[in-house]
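K.L.:
Fold the following, please.
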Amino acid sequence: MITATQEDVDLLVAYKSADRYQVIMLEAKGVTPHANGPFQSKVKRLTAIFGSSDAPEGIATPHFLLVSPRRSLGLDYSTCPPWMLRPDGKVAWFKLPLLPKLKKVVRCQRGGEISNQGDHWKVILEPLSGLDNWPTAGSGH
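P.N.:
All right, here's what the predicted structure looks like:
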């Protein structure tokens, strides 16, 4: 089960309900859409952990949700186990509202000048960009 790459989720919530544990996993994106390659890798990893049946065995019931400002289009759900899917055959999605400006960590020089070669860092506020480039038509959630 251990591989050379890190497969994580962005938020993991687990709690006990009666005699089972509920495991809620959120995969979030802020300014870029979910991409099919990383999504398929995540599906493969979660299937290896929780299995491919509709009702996973063991003491945990997994739940999976995509979170982003806009729906990511073109994701292939055909490899998802039934427990990952809603009744319509797609993974659940939740809208992540973002502020018009976001904080960003950048490298800088000692005096604060932004520089890729800097050996310091600072947080800057910059306008949100990139959402206008997201696909808005086609298959998706």
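K.L.:
Just grab the bridge partners of the residue nearest to the spatial centre of the chain for me.
P.N.:
For the chain, the residue nearest the mean C-alpha position is residue 27 (2.1 Å; Cα atoms, centre = their mean). Beta-bridge partners for residue 27, by DSSP bridges, are residue 66.
K.L.:
How is this protein partitioned into domains?
P.N.:
Residue ranges for the domains of the chain, per automatic domain parsing: 1-98, 99-135.
K.L.:
just the helices in this protein please.
P.N.:
With DSSP state H as the criterion, the chain has helices at 36-50.
K.L.:
where's the residue in the chain sticking out farthest from the centre relative to residue 101, distance?
P.N.:
For the chain, the C-alpha farthest from the mean C-alpha position belongs to residue 111; by Cα atoms, centre = their mean, that distance is 35.6 Å. Using Cβ to Cβ, to the nearest Å, one gets 24 Å for the distance from residue 111 to residue 101. Using the backbone N, CA and C atoms, a C-beta is placed for each residue, glycine as well.
K.L.:
Please apply the same query to residue 65.
P.N.:
From residue 65 to residue 101 the distance is 26 Å (Cβ to Cβ).
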